[in-house]
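*Asks:* predicted coordinates and the sequence they were generated for:
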Amino acid sequence: MTHKPREAIPLPDPTPLVPPDDLAERLAALGVTLEPAAVARLGDYLARLLAMNEHMNLTAIKDPAEAWTRHALDALTLVPLLADLKSGARVVDVGSGGGVPAIPLGLARPDLRLTLIDATQKKAAFLTAVAKALGMSNVTVRAQRAELVGMAELRGVFDVATARAVGRIAMLAPLMAPLVKPNGRVLMIKGQRADEELEEATLVLAEANCTHERTVETPTGRIVVLRVGPAQPRAPKRR
């Protein structure tokens, strides 16, 4: 007996979310400025995310006002840390899920090339559809496991890797570091247990060729910044 592949869930087209009155003020506190068109597209994305969440598990956030804070603003706390990236720089988001932080980042920095990785086919299909609907030609989606991507053609090609709500640092670092160029950065959006996770990951970070550069406090959480070391020579094969 053969099973027909499931049809992709059509992308919802709800009314875009209206931004909160204090959005510009809160963005300014982050050091971020968004054009009105980018804000409108961000509201469009959040509305589609919440609507699609009724069909698949993309987010625990259901309140529109909370979505602006917990998704949009939380993602945009990364923007100042990408200020040194030149146009055309490559960013990879690991375990993208519903698209946070990658989609808001791509709207704020359309000059960057973003690759979104998620192993779940239906989530990758949503990301592909929503990026197309938003006109985000700077976004590519890979429906693969990050560790497989990091062993193949995308090994060491990205300037920055990002992740949020994917797993603990000890699990994430070995997946993200191989994707990043020597002297590139890994940025993880974390909560108040970031220090605890860093301590338990000490040996793993060394094995992953990473060092903890700093932890940045933000209005919505903490960002752990790791620096990837120089390329290490591979051990010669035994004959």
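*Replies:* Sure thing, it's come through. Numbers count the residues shown, from 1 in each chain.

*Asks:* residues contacting the longest strand along the chain, please?
*Replies:* Ordering each strand of the chain by length in residues (DSSP state E) puts strand 180-190 first. By Cβ atoms under 8 Å, 6 or more residues apart in numbering, the residues outside strand 180-190 that reach it are 74-75, 77-78, 81, 92, 101, 156-165, 169, 172-173, 176-177, 197, 210, 213, 221-231. (C-beta placed from N, C-alpha, C; glycine too.)

*Asks:* which other helices and strands contact the top helix by length along the chain?
*Replies:* Ranked by residue count under DSSP state H, the longest helix found in the chain is helix 36-52. Applying 3 or more Cβ pairs under 8 Å, 6 or more residues apart in numbering; DSSP states H and E, one finds that helix 36-52 contacts helix 64-67, helix 102-108, helix 121-133.

*Asks:* I'd like the next helix or strand past the first one.
*Replies:* Of the helices and strands lying after helix 64-67 in sequence (DSSP states H and E), the nearest is helix 74-76.

*Asks:* sorry, back to before: what angle sits between the longest helix of the chain and helix 121-133?
*Replies:* Calculated by axes from the mean of the first three to the mean of the last three Cα atoms, to 10 degrees, helix 36-52 forms an angle of 150 degrees with helix 121-133.

*Asks:* buried ones in helix 36-52, by neighbour count?
*Replies:* By 16 or more other Cβ atoms under 10 Å, the buried positions in helix 36-52 come out as 38-50, 52.

*Asks:* again, but for stretch 195-215
*Replies:* Across stretch 195-215, burial judged by 16+ other Cβ under 10 Å covers 197-198, 201, 204-205, 208-210, 212.

*Asks:* hmm, who's touching the worst-scoring helix or strand of the chain on mean pLDDT?
*Replies:* Across the helices and strands of the chain, the lowest-confidence element by mean pLDDT, DSSP states H and E is helix 146-149, at a mean of 78. Outside helix 146-149, the residues that touch it by Cβ under 8 Å, 6+ apart are 94-95, 117, 119, 142, 174-176, 178-179.

*Asks:* let's see that with 7 Å instead.
*Replies:* 94-95, 117, 142, 175, 179 (Cβ atoms under 7 Å, 6 or more residues apart in numbering).

*Asks:* quick one: name whatever helix or strand follows that helix.
*Replies:* Scanning forward in sequence from helix 146-149 by DSSP H and E, the next helix or strand is strand 158-164.

*Asks:* and that following strand, what does it pack onto?
*Replies:* With contacts taken as 3 or more Cβ pairs under 7 Å, 6 or more residues apart in numbering; DSSP states H and E, strand 158-164 sits against strand 90-94, helix 169-176, strand 180-190.

*Asks:* that strand to strand 90-94, inter-axis angle?
*Replies:* If you take the same axes, to 10 degrees, strand 158-164 sits at 30 degrees to strand 90-94.

*Asks:* got the contact list for M176?
*Replies:* Contact analysis of M176 by Cβ under 7 Å, 6+ apart lists 94, 161, 163, 186.

*Asks:* which of the three states applies to V32?
*Replies:* coil (DSSP: H, G, I helix; E, B strand; the rest coil).

*Asks:* wait, it touches L76, no?
*Replies:* Yes - the pair V32 / L76 is scored as a contact, 5.2 Å apart, by Cβ atoms under 7 Å.

*Asks:* ok, the two, which is more surrounded?
*Replies:* Per other Cβ atoms under 10 Å, whichever of V32 and L76 has more neighbours is L76, with 24 against 17.

*Asks:* ok, that one to R185 distance?
*Replies:* When distance is defined by Cβ to Cβ, to the nearest Å, L76 is 17 Å away from R185.

*Asks:* isn't R214 right up against V224?
*Replies:* No - taking Cβ under 7 Å as the definition, R214 is not a contact partner of V224, at 8.3 Å.
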